[in-house]
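[1] okay, here's the prediction I keep looking at, along with the sequence it came from:
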Amino acid sequence: MAGYTSNFTGNPILICSPGRINLIGEHTDYNMGFVLPASVDKAIVLAMSKNSSGKIRLHSTDMQPSYFETELTDNYSKTGIDWADYIIGVVQELQKEGYKVEGFDCSFGGDVPIGAGLSSSAALEGGIAFGLDELFNYKLSRLEMAKISQQAENTFVGVKCGIMDQFASLHGENGKVMKLDCRSLAYEYYPFIWEDIKVLLCDTKVRRTLAGSEYNVRRNQCETGVQIIKKTNPEVESLRDVSMEMLNDHEDEMDEIVFKRCAYVINENKRVHDACNALIAHDLKAFGNLMYQSHKGLQKNYEVSCKELDILVDATKDLDGILGARMMGGGFGGCTINLVYSDTIQDCMDRIKTYYNKKTSAYPEFHVVSISKGTHKMDSNRITV
C-alpha cells in the first residue's frame with residue numbers, strides 16, 4: 001500500500017479488478033451479439049477510502065501524471081488525463097443515477113498491460129464502481145456496476161464500447177469462460193480447465209492509437225447496415241437479428257464496406273455458438289480453427305487488424321504446439337490470443353519471437369494468463385499498492 005500511504009491517510013479497502021481475455025466474439029458486443037470472455041490473473045488493485053475534504057483525490061502508481069484531484073460537483077469536465085477520465089466518468093454516472101458520492105481517496109496500480117487488449121480501462125471502471133459501492137453502501141448488483149462503467153466510457157470518455165469488457169471483469173469465475181448474450185445480458189459458464197493447454201498472449205507493443213476513433217466508425221457502419229435491412233424487415237433491431245441470406249438480399253443497397261462489416265459480425269456470432277459446442281465436445285482443434293477464422297474476418301472484412309498482429313498470427317500457423325490464434329480487443333495493435341500446448345510453450349514463444357523480429361525488427365512481449373476470479377474485495381494485508 002506504499003502508493004496509498006505516501007499520498008493519503010486512513011485504512012483503505014482493497015479491490016482487485018481483473019483484465020479480461022475474449023476467446024472469440026470480437027466487435028459483436030455493441031451489435032447485441034454474443035461473446036466468450038473470461039477474467040484473468042492480470043489485474044488492477046485499488047486502495048480506496050472515504051475522506052472529509054469534499055474532493056476526489058486520485059493517485060496512479062503506473063502512469064503520469066500520477067496525481068489528480070477535483071472538487072465534488074454535479075457536472076464534471078474532461079480532466080485532460082486519460083486514466084482519471086475513466087474514474088470521473090464512473091462518478092458522474094453514479095450521480096446521474098441518484099447515488100450520492102462523497103469525497104474519497106484512491107491509489108491504484110497493477111499488471112494489466114495498458115493498450116494490449118486486456119481492457120485495463122474496464123478493469124479500472126469496474127474496480128471504481130465496486131469500490132464506491134463498498135464505501136458508500138449503494139448495494140449495486142454487478143450488472144448495475146457493469147452498466148454504469150460502460151456508460152462512463154460511452155458518454156464521458158467518448159468510446160462507444162459494448163458491455164462485454166466491464167461485464168466480464170466483474171462477473172468472471174475461476175476456470176470458466178462465459179458466453180454472454182449482449183442483448184439480454186443472459187450468460188452461462190463453460191469450464192475451461194485444460195491441464196495441457198495454456199493461454200498465451202503475444203503483445204505487438206503497438207499501442208492502439210486508432211482504436212477509439214475507428215471503433216466508433218465501425219459501430220456506425222454496422223448501424224447503417226441495420227437501418228437498410230430494417231426498411232423491409234422491421235423486426236430487425238441489430239445485426240444479431242440478421243442472417244447472411246437476409247444480408248445478401250440487401251447487398252446491392254449497401255456500400256461495399258458496410259456489407260463487409262455486417263458480414264463479419266453475422267459470421268462471428270455464429271462462431272461463438274460453434275466455439276461453445278466445441279468446448280462441450282472437448283474439441284479444442286475445432287475451437288482453434290474458429291479462432292483463425294475469426295482473425296481472418298477481423299483482418300479482411302472488419303479491417304481492424306494491423307501488420308504486426310497479422311505477423312503474430314502468421315507465425316503460429318506452422319507450429320504444432322499452437323491450436324489457434326487471433327487478434328484480441330479493439331484492434332490496430334495490442335495482443336493476439338493463442339491456445340498452446342503447455343509442453344511446447346517456450347519453443348513456441350522462441351519461434352514466434354524470431355519470426356516477428358525477422359518481419360518487423362522488433363520483439364513481441366509474452367504473457368501467460370490464467371482464467372481467474374472477477375472483481376472482488378481483498379485482504380488488506382496481502383498486497384502493495
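    Happy to help now that I have it. Residues are numbered from 1 along each chain as shown.
[2] any stretches of the stretch 1-150 of the chain with poor pLDDT?
    For the stretch 1-150 of the chain, residues meeting the criterion pLDDT under 70 lie at 1, 115-116.
[3] again, 50 this time
    For the stretch 1-150 of the chain, no stretch has pLDDT under 50.
[4] so how far is Met378 from the nearest residue to Met328 once chain neighbours are set aside?
    Counting by CB to CB, 6 or more residues apart in numbering, Ile337 is the residue found nearest to Met328 once chain neighbours are left out, at 4.3 Å. The way it works is simple: take the backbone N, C-alpha and C, and place the C-beta from them, glycine included. Ile337 sits 27 Å away from Met378, going by CB to CB, to the nearest Å.
[5] just want to know which of these two has more residues nearby.
    Applying other CB atoms under 10 Å to Ile337 and Met378 shows that Ile337 carries more neighbours, namely 25 against 16.
[6] which residues in the stretch 51-200 of the chain form strands?
    Under the criterion DSSP state E, counting those that start in this stretch, strands of the stretch 51-200 of the chain are mapped to 55-60, 67-71, 104-110, 176-181, 187-191, 197-203.
[7] packing partners of the third one?
    Okay, so that is strand 104-110. Contacts defined by 3 or more CB pairs under 8 Å, 6 or more residues apart in numbering; DSSP states H and E place strand 104-110 against helix 2-5, strand 34-50, strand 55-60, helix 120-136.
[8] turn these into JSON lines, including mean neighbour count and distance to Lys230.
    Output for the helices and strands packed on strand 104-110, formatted as JSON lines (neighbours: other CB atoms under 10 Å; distance: least, CB to CB, whole Å):
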{"stretch": "helix 2-5", "mean neighbour count": "18", "distance to Lys230": "51"}
{"stretch": "strand 34-50", "mean neighbour count": "25", "distance to Lys230": "21"}
{"stretch": "strand 55-60", "mean neighbour count": "20", "distance to Lys230": "43"}
{"stretch": "helix 120-136", "mean neighbour count": "26", "distance to Lys230": "30"}
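[9] which one of those lies closest to Ala263?
    Smallest distance to Ala263 across the helices and strands packed on strand 104-110 (CB to CB): 16.3 Å, for strand 34-50.
[10] any idea which of the helices and strands packed on strand 104-110 gets closest to Phe259?
    Evaluated with CB to CB, the helices and strands packed on strand 104-110 place strand 34-50 nearest to Phe259, the distance being 21.2 Å.
[11] quick one: that closest one to strand 176-181, angle?
    110 degrees (axes from the mean of the first three to the mean of the last three CA atoms, to 10 degrees).
[12] burial of Gly103, as a residue count?
    By other CB under 10 Å, 16 other residues sit near Gly103.
[13] so the helix or strand where the residue nearest to Met328 lies versus strand 197-203, what angle?
    Here Ile337, judged by DSSP states H and E, is contained in strand 335-341. Interaxial angle, strand 335-341 versus strand 197-203 (the same axes, to 10 degrees): 150 degrees.
[14] would you mind listing the buried residues in strand 335-341?
    Buried residues in strand 335-341, defined by neighbour count with 16 or more other CB atoms under 10 Å: Cys335, Thr336, Ile337, Asn338, Leu339, Val340, Tyr341.
[15] repeat for stretch 348-355
    For stretch 348-355, by 16+ other CB under 10 Å, it's Cys348, Met349, Arg351, Ile352, Lys353, Tyr355.
[16] cool, and stretch 104-116?
    The neighbour-count check on stretch 104-116 (16+ other CB under 10 Å) flags Phe104, Asp105, Cys106, Ser107, Phe108, Gly109, Gly110, Val112, Pro113, Gly115, Ala116 as buried.
[17] what's the closest of those to Tyr138?
    Nearest to Tyr138 among the buried residues of stretch 104-116 is Phe104, at 12.9 Å by CB to CB.
[18] give me the residues contacting the strand holding Ile337.
    For strand 335-341, contacts defined as CB atoms under 8 Å, 6 or more residues apart in numbering pick out 21-23, 113, 116-118, 196-204, 284, 287-288, 291, 295, 309, 312-313, 316, 321-329, 348, 367.
[19] rerun that using 7 Å as the cut-off
    21, 23, 116-117, 196-203, 284, 288, 309, 312-313, 316, 321-329, 348 (CB atoms under 7 Å, 6 or more residues apart in numbering).
[20] now the helix or strand where Met349 lies, how far from the centre of its chain.
    Per DSSP H and E: Met349 is located in helix 345-360. Mean-position distance between helix 345-360 and its chain equals 25 Å (CA atoms, centre = their mean, to the nearest Å).
[21] direction included, what does the helix or strand that it is followed by pair against?
    Moving toward the C-terminus from helix 345-360, the next helix or strand (DSSP H and E) is strand 365-369. The pairing partners recorded for strand 365-369 under DSSP bridges are strand 197-203 (antiparallel).
[22] hmm, who's touching the partner strand?
    Here strand 197-203 has contacts from 21, 113, 116, 284, 312, 335-342, 345, 352, 364-369, using CB under 7 Å, 6+ apart.
[23] got phi/psi on Asn174?
    phi -60, psi 130 (degrees, to the nearest 10).
[24] who are the contact partners of it?
    Ile371, Ser372, Lys373.
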